[in-house]
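Enquirer: Return a 3D structure for these sequence lines:
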Amino acid sequence: MLQVLDDWNGFLKRAARLPRHVLINRTSVGDQMDMVTLCASGVSFDPYYIFNRQSFVDAFVDLGYRLVNEWRVPDLDCQIPDHPAHSLDAFSGSYFVLDGPNPCGRTGAITGLSGRQLRPGPEMR
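Expert: So this is what the prediction gives:
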């Protein structure tokens, strides 16, 4: 859903405590420049953000995260008619870990959508 948000990483910038782990899947990330296109949703055409891979990763690195892994999601793509250079053959997934305090001095914590802190299992520590 990041690709339809106006301020796609604002939720992290405004968080009182950053989550230790960030797992993102099925996102429109590629090697082309950052851009916005239109997506036909059936009843309307909606703005749809396509991220440049390096600027996408840099946005998390600037908050104190480290990219641990990334992968292709070949069952999703974004074909832009008459603009094949801007199209994506596959979406991407990324896994980031907070490497201690971020530049704003906030420390990492694993939190759920409700804002409650979650207890990680041994494999997540």
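Enquirer: Now do the contacts for the residue nearest the centre of the chain.
Expert: Taking Cα atoms, centre = their mean, the centroid of the chain lies closest to Ile24, which sits 5.3 Å from it. Contact partners of Ile24, counting by Cβ atoms under 8 Å, 6 or more residues apart in numbering, are Leu2, Gly93, Ser94, Tyr95, Phe96. No exception for glycine: its C-beta is placed from N, CA and C like everyone else's.
Enquirer: at 7 Å what do you get?
Expert: Contact analysis of Ile24 by Cβ atoms under 7 Å, 6 or more residues apart in numbering lists Leu2, Gly93, Ser94.
Enquirer: top of those by neighbour count?
Expert: Ser94 (20 neighbours; other Cβ atoms under 10 Å).
Enquirer: if we can go back for a sec, for Pro47, state which of the contacts of Ile24 is nearest.
Expert: Nearest to Pro47, judged by Cβ to Cβ, of the contacts of Ile24 is Leu2 at 12.6 Å.
Enquirer: Hmm, the closest one is touching Arg26, no?
Expert: No - under the criterion of Cβ atoms under 7 Å, Leu2 is not in contact with Arg26, lying 9.5 Å apart.
Enquirer: Tell me which residue lies farthest from the centre of the chain.
Expert: Asp82 (26.7 Å).
Enquirer: And that residue, how close does it get to Leu38?
Expert: Distance of Asp82 to Leu38, computed by Cβ to Cβ, to the nearest Å: 13 Å.
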